[in-house]
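Asks: Sequence and computational prediction follow.
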Amino acid sequence: MLKAEDNEILTRTDPGTPMGDMMRRFWIPFMTSKELPEADGAPLRVTLLGEQLLAFRDTDGRVGLIDEFCPHRRASLFFGRNEECGIRCVYHGWKFDVEGKCLEVPSEPADSTLARKVRLTAYPVREAGGVLWAYMGPKGEEGALPNIEWLSLPLPHVYVSRWEQESNYFQALEGEIDSSHVSFLHRQLDAKDAPKGSLSGAWFTGDTAPKWTIDQHSHGLTLAARRTVEDGAGYWRMNQFMLPFYTMIAPEPGGYITNRMWVPKDDTHCWVICATYRPDKPLTEDDLEKFTAGKFAHRRVLPGTTIPMERMENDYGLDRRLQKTVSYTGIPGVRAQDAMVTETAGPIADRTKEHLGTSDTAIIAARKLMIDAAKRFRDGTVPEAAAGGDIYAVRSWSSVLPASVKSYRDDPDTMAAMRTAGQKRDRQTVDA
Amino acid sequence: MLKAEDNEILTRTDPGTPMGDMMRRFWIPFMTSKELPEADGAPLRVTLLGEQLLAFRDTDGRVGLIDEFCPHRRASLFFGRNEECGIRCVYHGWKFDVEGKCLEVPSEPADSTLARKVRLTAYPVREAGGVLWAYMGPKGEEGALPNIEWLSLPLPHVYVSRWEQESNYFQALEGEIDSSHVSFLHRQLDAKDAPKGSLSGAWFTGDTAPKWTIDQHSHGLTLAARRTVEDGAGYWRMNQFMLPFYTMIAPEPGGYITNRMWVPKDDTHCWVICATYRPDKPLTEDDLEKFTAGKFAHRRVLPGTTIPMERMENDYGLDRRLQKTVSYTGIPGVRAQDAMVTETAGPIADRTKEHLGTSDTAIIAARKLMIDAAKRFRDGTVPEAAAGGDIYAVRSWSSVLPASVKSYRDDPDTMAAMRTAGQKRDRQTVDA
Amino acid sequence: MLKAEDNEILTRTDPGTPMGDMMRRFWIPFMTSKELPEADGAPLRVTLLGEQLLAFRDTDGRVGLIDEFCPHRRASLFFGRNEECGIRCVYHGWKFDVEGKCLEVPSEPADSTLARKVRLTAYPVREAGGVLWAYMGPKGEEGALPNIEWLSLPLPHVYVSRWEQESNYFQALEGEIDSSHVSFLHRQLDAKDAPKGSLSGAWFTGDTAPKWTIDQHSHGLTLAARRTVEDGAGYWRMNQFMLPFYTMIAPEPGGYITNRMWVPKDDTHCWVICATYRPDKPLTEDDLEKFTAGKFAHRRVLPGTTIPMERMENDYGLDRRLQKTVSYTGIPGVRAQDAMVTETAGPIADRTKEHLGTSDTAIIAARKLMIDAAKRFRDGTVPEAAAGGDIYAVRSWSSVLPASVKSYRDDPDTMAAMRTAGQKRDRQTVDA
């Protein structure tokens, strides 16, 4: 449980809040590139950290992320004309470029100096790994993009998608780093012969009380959950929590790797941006078929929207008969199951009413890290991770290690697997 | 009219309010038994006096009424697994019984003592007369169930249903004890030959300004409205208002008896639980056909819900042509007519803006009784009626008495009819 | 831009606000006569300046505008029986006439004096020009109806309609007097050969930075925008802003004249009542066909409602393909285009965030006039225009004047065209 004031610090991200201002020192992923496919195409509204913004791709392919409302008389620029390297308000023809510069005020006399005085809020945007990133902090203070592995891979190695969650970002994120719940929430009752390491496999159902080892790094935390399996061996799953809202959960053996981003939309909603990738080769046809259908790591949404099919208003597609015999929840899909447990805790979970156990060690550590960082930021210290780059060149991993190995850190192969090629490369190439 | 502060006392029932805390000393009917038909079946959410709760029937058929949210990390237990004498949160498998006792915390080590420390809010539940009752007050202070007549009858004598009203409980209740409106609201314009004592009959249309006699008892109030009919005789209708939210209106001659319960859901919505019964014999096929169709004493709802078909958003099915020629309101059904006049006064009627007359004597008395009781409770006195039992062994009734009879109290037959068999029985048998 | 406190004064019209109380000294148009077509017909709810009211036409054809809620127990009189020169609450049969007088309280004894003591809030209503007008101010302080030209024309000269806008009244009104936006918002991209003075014509596209001449009168402001056209001539458009919420925009040459009324519903919604008329002759078949279809000056609404077809929730029917090639906005209809730019600025535009230019001279003047008038009213001075009558006998107009004419005021023909016949008539005939 958390004190009410700490819960406020953890969950509030509007401008002027400690956490919100701290987050604004990081690059913030806000959309996939494919959602803004073409030059001069339709702009998209996107609320981010409580700000109503508009994203558009200009004639030259550059992406702008701007205040949705025209600084003249506040009409929505969503309805603007995206043309000739700028967006033009249809009310009086005022035009702005992706940097917020006012290019024309045709409703004013030719000798008007108004254009020079007016500025539209605009945030620097970068495009990498099929995702759009914005920097919403004070000018000139931005670091590099985080060098998360998939950001330096060829695009065919990566698939990204975006959907919306109806809760505060942090409880959504907690659901992801909570290795403990895998023994329950995602269990298939009819999967008696599931591979040991699969979600319904013996490694998860056999030991439902994993023990945690937590290590703090510049990027955030490595959260290792150990389950005892055959012969006292340890099934170790190392998840990464990377400041300020990234998670990487351990891949299934031999599978692709997943990196999720839990980005505040406003205090009671968040964007989930999900990247799945194979470090060594392009994604397969089979991978892509599953991912585009919203299966496995991704999520089914109403076509043309970011709204999940299974959601609060339809009880996540709950089927009570299936819950008796087929799956632990009766809810279709791992992602919908996660959303259900985290969204139903309320728009902002009241953490003063919780009762935590040892299984919650990881989320306790992640909360503390974030709250302490926000408090330190309030006192003047920017988190080291805001510098981005190779600080983020880490991986999640899982290993089965003999009983004699006390910690995953003692296994050189595991430690090697958790380092990415990026750690040896120049991070400037990522930002290019 | 009422002072604003008294209106607040009358209408607010969240935890910590005088009225809310006083009500919590009574058994509170919250659902019909048939809504939770089977052991280990689907739980149902129910908000009650502002608390978000969950009802479920366990493997042994016992009903639990618990906090909807798991005390661990606040996921909704609505999605829980109802199995093996308890409800199990699907997030981490924590399990609770109907008494709120934590039975298992499988995400913790085998030697964990956490289960002993965690408790889920759970209210004692009893099942009687086809209705589920909860006690939400301080432990050990509960009285007996109210011995209202139908609670000790064989179940085939009784039919119960539940629906929702979009207003504060008390204005809904006021509509029920307001005998005066029967001369207007429910009139059929095309019912010239209606029996005298029916809703459109001559006894109601002939004297539209009934005179009230109010008697206070331990259970609450007997509210007698006298209309002058042929030869100066009195058509007396004795309604009962029983603390804290029960009403019984006078049966039509020879008909079944109705007891309604106006239970706060939250301050702006209430549950209406309606029991109709015949003291002397089982309900007839004809009775049941009408009741299950939502006619007469009951209400038509959207199938599978507690939402009335005729409601605010569809103007209660108002048909202006029918209002000209067929019925006084043009709204189909007595219950929808009642809901319209009470709901349209607002989520919480602003009683500072009323203008009351002698016809409002009954509601004035009922308000005063409730407000005084809540104030006395705030000062330390629990209402006598909270003891339950035979205090509630009363009936509503109606009689036509000669002009010479000044009060219904002077007529021995009427007085006998208003007593139930229960007054002579051991009330313990009711609670069994 | 405006100080926050001045924006509050400008936009708030509930009872007790300076602007709201000032407006209540004027006659307020609230509905078209044809919406209440027949004696004893269905009443209509209408919220006005934040008050929930009910309009009905009684047996004698008189219109009442009353508090929606019965003063007895606050049931909605919308469900009342409109019969025998009054509206009767269906709860207890209390009956009120169009003046709010209580005619009957049949639930009370015959000798009751209650009817004499109870009064229902009722506002005086007049009917003129096919529109219903109410006076909501202190008794006896009402002036004459405003003698706007169409109010004294035969009804076949006039067409009126009403719809709703999802924003504060003043930003809606600002869109109307803002002549500058015509050069942009309403442009058809495929109308190369449009007549010079039409919305997509050369006079508008050729000079997009009109210069303003503002003249203050008793009625409000004459707002003249001059665009330079061929040979340095001036294309002058004189719009009228008439206190407290009327606008008349310059007619297209030879066309009908339009007068719009932007009446506060509540602080975040307004009624738009639109009158189109020909001073010299009845409207043509062609006029009426367009207007009833919601084209040109009027608006398409969902049948049987005042809700526009193109509105915020459906992005005003935006078609991005059409925006590329056919029209400046891709939104169908001039009215929907206006609603889009004014509604998207928010329920109440935040004028502290604006950046105004010389093109905004007219709205700056209109804001100042209104804010100053409200402040003076707060200090005890009623605006002269509240007297109504011939103060309003003005017209909007447009003229092309040679370069040598420095102001529209110097052109006698223009000045004559802006006076109406009404200026010479007895305004009492208007109110009849």
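Replies: Perfect, thanks for sending it.

Asks: A:G201 contacts A:P195, correct?
Replies: Yes - using C-beta atoms under 8 Å, A:G201 makes contact with A:P195 at a distance of 5.2 Å. All C-beta atoms are positioned from the backbone trio N, CA, C, and that covers glycine.

Asks: the more surrounded of these two?
Replies: Taking neighbours as other C-beta atoms under 10 Å in any protein chain shown, A:G201 and A:P195 compare with A:G201 leading, 20 against 13.

Asks: State the distance from that one to A:V400.
Replies: Remark: distance between A:G201 and A:V400 (C-beta to C-beta, to the nearest Å) = 12 Å.

Asks: now A:T358
Replies: With C-beta to C-beta as the criterion, A:T358 and A:V400 are 22 Å apart.

Asks: Give me the nearest residue to the residue in the stretch 51-200 of chain A that chain B sits nearest to, chain neighbours excluded.
Replies: The stretch 51-200 of chain A approaches chain B most closely through A:F184 (4.3 Å), counting by C-beta to the nearest C-beta. Leaving aside its chain neighbours, A:F184 sits nearest to B:G93 (4.3 Å; criterion: C-beta to C-beta, 6 or more residues apart in numbering or on different chains).

Asks: Next, count neighbours for that neighbour.
Replies: 24.

Asks: Now do the contacts for it.
Replies: A:183-184, A:208, B:104-107 (C-beta atoms under 8 Å, 6 or more residues apart in numbering or on different chains).

Asks: Now do the SS call for the residue nearest to the spatial centre of chain A.
Replies: Closest residue to the average C-alpha location of chain A: A:M261 at 0.7 Å, with C-alpha atoms, centre = their mean. With DSSP: H, G, I helix; E, B strand; the rest coil as the basis, A:M261 sits in strand.

Asks: Not counting sequence-adjacent ones, nearest residue to it?
Replies: Here the residue nearest A:M261, using C-beta to C-beta, 6+ apart, is A:I273, at 4.2 Å.

Asks: Spell out the residue ranges of the strands in the stretch 101-250 of chain A.
Replies: Using DSSP state E, counting those that start in this stretch, the strands of the stretch 101-250 of chain A run over A:102-104, A:122-123, A:125-128, A:131-135, A:158-165, A:211-217, A:220-228, A:234-242, A:246-249.

Asks: thinking again about what came up before, for C:S152, see how far away the residue nearest to A:F184 is.
Replies: 80 Å.

Asks: For the stretch 51-200 of chain A, what lies in contact range of chain C?
Replies: A:69, A:71-76, A:78-79, A:81, A:90-93, A:105-110, A:112, A:114, A:117-118 (C-beta under 8 Å from any C-beta of the partner chain).

Asks: Can you flag the buried ones in those?
Replies: A:69, A:71-76, A:78-79, A:81, A:90-93, A:105-108, A:112, A:114, A:118 (16 or more other C-beta atoms under 10 Å in any protein chain shown).

Asks: Who does the closest residue to A:S407 other than its chain neighbours form a beta bridge with?
Replies: Leaving aside its chain neighbours, A:S407 sits nearest to A:T213 (5.9 Å; criterion: C-beta to C-beta, 6+ apart). Note on A:T213: beta-bridge partners A:A224, judged by DSSP bridges.

Asks: quick check, nearest of the contacts of B:G93 to chain C?
Replies: Distances from chain C to those, taken by C-beta to the nearest C-beta, are shortest for A:F184, at 40.3 Å.

Asks: what sits against the closest one?
Replies: Contacts of A:F184 (C-beta under 8 Å, 6+ apart): A:208, A:328, B:90-93, B:106-107.

Asks: how about these in JSON lines, adding pLDDT?
Replies: Listed next are those as JSON lines, based on pLDDT from 0 to 100:
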{"residue": "A:T208", "pLDDT": "95"}
{"residue": "A:Y328", "pLDDT": "96"}
{"residue": "B:V90", "pLDDT": "98"}
{"residue": "B:Y91", "pLDDT": "98"}
{"residue": "B:H92", "pLDDT": "97"}
{"residue": "B:G93", "pLDDT": "97"}
{"residue": "B:P106", "pLDDT": "97"}
{"residue": "B:S107", "pLDDT": "97"}
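
Asks: A:A275 falls within a strand, correct?
Replies: Yes - applying three-state DSSP, one finds A:A275 inside a strand.

Asks: Isn't it up against A:V158?
Replies: Yes - counting by C-beta under 8 Å, A:A275 does reach A:V158; the two are 5.9 Å apart.

Asks: So which of the residues of the stretch 51-200 of chain A next to chain C sit within helices?
Replies: A:114, A:117 (DSSP state H).

Asks: Report pLDDT for the closest residue to A:V131 other than its chain neighbours.
Replies: Counting by C-beta to C-beta, 6+ apart, A:P29 is the residue found nearest to A:V131 once chain neighbours are left out, at 4.9 Å. Note on A:P29: pLDDT of 98.

Asks: again with A:N239
Replies: With respect to pLDDT, A:N239 has a value of 96.

Asks: again, but for A:E166
Replies: For A:E166, the model assigns a pLDDT of 98.

Asks: In space, what's closest to it - neighbours in sequence excluded?
Replies: Counting by C-beta to C-beta, 6+ apart, the residue nearest A:E166 is A:E343, at 5.0 Å.

Asks: where does the stretch 151-300 of chain A dip in pLDDT?
Replies: A:253-254 (pLDDT under 70).

Asks: For chain C, what is the nearest residue in it?
Replies: A:D266 (16.0 Å).

Asks: how far away is A:Y123 from A:A387?
Replies: From A:Y123 to A:A387 the distance is 19 Å (C-beta to C-beta).

Asks: Of these two, give the one with the bigger neighbour count.
Replies: A:Y123 (24 against 18).

Asks: which residues touch that one?
Replies: Shown in contact with A:Y123 (C-beta under 8 Å, 6+ apart): A:53, A:65-66, A:134-136.

Asks: A:H217 too?
Replies: A:V394.

Asks: before we move on, what about A:M340?
Replies: A:310, A:316, A:329, A:331, B:75-76, B:79.

Asks: CSV please, covering these and showing pLDDT.
Replies: Shown next, in CSV, are the contacts of A:M340 (pLDDT from 0 to 100):
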residue, pLDDT
A:E310, 97
A:Y316, 98
A:T329, 97
A:I331, 97
B:A75, 98
B:S76, 98
B:F79, 98
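
Asks: Just give me the closest of these to B:A297.
Replies: B:S76 (34.3 Å; C-beta to C-beta).

Asks: Right, I'll leave it there.
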